[in-house]
Every structure is written in C-alpha cells, then in structure tokens.
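Colleague: Okay, here's the prediction I keep looking at, along with the sequence it came from:
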Amino acid sequence: MEAGVVYSVIGLALAFDFVNGFHDAANSIATVVSTRVLSPRWAVGWAAFFNFIAFLFFGLHVAETIGKGVVDPTSVTVPVITAALLGAIAWNLITWCYGIPSSSSHALVGGLAGAAIQHAGFAAVVLPGIVKISIFIILAPLIGLAIGFALMVATYWTFRRATHARVGKLFRALQLCSAAAYSLGHGGNDAQKTMGVILVLLIAGNMVDVKSEVPLWVVLASHTAMGLGTLAGGWRIVKTMGQKICKIQPVQGFCAESAGAFMLYFATWAGIPVSTTHTITGAIVGVGATRGLHAVKWGVARRVVWAWILTIPCSALLAMLSEGLFDLIGWR
C-alpha cells in the first residue's frame, strides 16, 4: 500500500474528527449558551481551547481501545478503515441535518464493525470490546442522570436560604469552570477515538508495528482537528440539547456539566469510549427531573434515545455498503 494512499485516508480520519467537533460542539456549549453565560462565539472558542489541551491531562487508553479493542487490526485493510470513516461521517451528517444529538463515538464503532464484518466476517470483530462499549451506551446516560440529579438536590439544599439573585450571579461564574471541565473531558475522550483509528490505519498500511503506541503527531493532529471542528459550531443541535429537553438556568447548567465531566473523566481514564452526547443528555434530564417529571420534555428525550439505538446499526450498514462498493471496484 502506497504511503500516499494511507496519508489520504488519515486526512479522511481527521475530517471525521472535524465533523465530530462541530457535531458534538453542542455537548460542550449547549448549556452555557442557553443560560446566556456566554455568547455562541465566545462559547465555541472556550470549548475549542479546552478540547485542544485535553491531551495534556489524559493518557491514551481510549485510543488503545478503539485501535485494538473493536476490530482486530491485523485483519483489516486501508479500504476497511476508509469505509468505516465514510459510514460514520455519513451518519453524523444525517443526524446533524435533522438536529438529532446522536453519538459520533458509536457511529465510529459501528462503522468499524460494519466494514470489518463486510471484509472479513464476524471473526474480525473483538467481541469483548463491543460488549463493553454497548454496556456503556446504557450506563453512561444513567450515571450522568444520577450524578446530575444528586448534584442538583445537594445544590438546592446548600443554597436554600440564599437569594435568587445571589445564586444566579455565583453560578454564572461557576458555569464557566464547569463548561471548561466538560470540554476537557470531551476532548480527552472523543479525540482519542480518531487517534485509535489512525493507529489501526498505520498498522494496516504496514507503517508501524502492531504493538506500537499512538505517535505524538497523531495526538496533536487529532486534537487540532477536533478543536477546529468545535469552532465551526453545531447550532442545530445546541437548540435541542440546551432548550428542547428542559429549561435550564446557570445553576442547572453547572450541575449538568459537572456531572457530565465527572463521568467523562472516569471513562477516559478507564479506557472506555463513551458517548459525550449520551452523557450530557442524561445529566440534563437528571437536573431537570429535580423540578418534577413534568419539567422534562419526554417526547424530545424519546426521539434522542431512538437515535442512540439506531446509531451503531445504521453507521455499520453505511460502512458495509461503502466496503461492498470498494470490493466491486477491486480496491481490497
């Protein structure tokens, strides 16, 4: 395989990272924009900065999981990785067009699995890795919900005698910190998924050994692409995340972002590629539920859940179609 082809597909992987950035920008900025703590322009800049510097704070455990824990890197080829990326990007763009906050992470996992199965059968899939990721499709939003609910209850109790004006002023400042913390976790978990794909690509192209770790240039390129994507925004999904699920104020935004950040830090250090979309949505629902079940617009939440359920099979199907097309034209 010529190096030029491999580097072209690496460019496609970074394009996915860019799309991931603007598709998931809403996860980082929806609450801070909806509470009017920051304007959209300042919010995306704030989030992009912390997306980029995340590599200074986290190891590369998630990259290892994506690179070697979803499909067997020795049984896939450069066309397989290309098909996986095309399937993931296509699904991201479809859900972005309709303003549905689906998971870029699970789109990538589905793309990898679908393309690998089309190319080499089910033996190419690392089943324990798929099972672990699938379990956290359920656990990530539930944990985010529980932590968000608990933080909101604790905050209500702590500030029960404070005036509304005082609480609002305090949490407008604190939400800058929680938004930064969440963006840090978003960059740490999501950018590593692209690093893992590029690592598999380098292995498939015989450019690094199968036991190699992620090169530094891949780390920097992935974080840069995600940061630039976040700067491009994601306004369609911001509205769904920050307004349609439930109405929030700075205190609710702080609790939701803090809960999401805690979950992302745990998952990143544990090497689990979770969905930042699932995590923050669960946290927002948990925070909203403290005001009663009527405060959450369950019809919108139901539509979001359906997108979560469909993401892996739909992105897998799109990747399988891409890989099948490559087989037809003889690119193997």
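Modeller: Arrived safely.
Colleague: where does the stretch 151-300 of the chain have low pLDDT?
Modeller: Low-confidence segments of the stretch 151-300 of the chain (pLDDT under 70): 233-247, 293-300.
Colleague: And the helices in it?
Modeller: 164-204, 216-231, 235-239, 250-269, 276-289, 298-328 (DSSP state H, counting those that start in this stretch).
Colleague: Need the winner for burial among those helices.
Modeller: Using mean count of other CB atoms under 10 Å, the stretch among the helices of the stretch 151-300 of the chain with the largest mean neighbour count is helix 276-289, at a mean of 29. (C-beta placed from N, C-alpha, C; glycine too.)
Colleague: and that helix, how far from the chain's centre?
Modeller: 14 Å (CA atoms, centre = their mean, to the nearest Å).
Colleague: Show me what it is packed up against.
Modeller: helix 25-34, helix 127-158, helix 164-204, helix 250-269, helix 298-328 (3 or more CB pairs under 8 Å, 6 or more residues apart in numbering; DSSP states H and E).
Colleague: Same list, those, but as a markdown table with distance to V109 please.
Modeller: Output for the helices and strands packed on helix 276-289, formatted as a markdown table (distance: least, CB to CB, whole Å):
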| stretch | distance to V109 |
| --- | --- |
| helix 25-34 | 17 |
| helix 127-158 | 6 |
| helix 164-204 | 8 |
| helix 250-269 | 14 |
| helix 298-328 | 6 |
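Colleague: Quick check: which of the helices of the stretch 151-300 of the chain is nearest to P79?
Modeller: The closest of the helices of the stretch 151-300 of the chain to P79 is helix 298-328. By CB to CB, the value is 4.5 Å.
Colleague: quick one, helices of the stretch 1-150 of the chain?
Modeller: Along the stretch 1-150 of the chain, counting by DSSP H, counting those that start in this stretch, helices occupy 3-23, 25-34, 40-53, 61-68, 78-97, 104-120, 127-158.
Colleague: out of those helices, nearest to K211?
Modeller: Short answer: helix 61-68, nearest of the helices of the stretch 1-150 of the chain by CB to CB, at 9.5 Å.
Colleague: packing partners for that closest one?
Modeller: By 3+ CB pairs under 8 Å, 6+ apart, helix 61-68 packs against helix 104-120, helix 164-204, helix 250-269.
Colleague: In a markdown table, list those helices along with distance to A3.
Modeller: Below are the helices and strands packed on helix 61-68 laid out as a markdown table (distance: least, CB to CB, whole Å):
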| stretch | distance to A3 |
| --- | --- |
| helix 104-120 | 21 |
| helix 164-204 | 10 |
| helix 250-269 | 31 |
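Colleague: what's the closest of the ones you listed to I147?
Modeller: helix 250-269 (3.8 Å).
Colleague: between that closest one and helix 61-68, how many degrees?
Modeller: Going by axes from the mean of the first three to the mean of the last three CA atoms, to 10 degrees, helix 250-269 is angled at 50 degrees with respect to helix 61-68.
Colleague: Turn the helices of the stretch 151-300 of the chain into a markdown table, columns for distance to V70.
Modeller: Converted to a markdown table, the helices of the stretch 151-300 of the chain look like this (distance: least, CB to CB, whole Å):
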| stretch | distance to V70 |
| --- | --- |
| helix 164-204 | 8 |
| helix 216-231 | 17 |
| helix 235-239 | 25 |
| helix 250-269 | 15 |
| helix 276-289 | 18 |
| helix 298-328 | 11 |
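Colleague: Ok, which of those helices comes nearest A63?
Modeller: helix 164-204 (4.0 Å).
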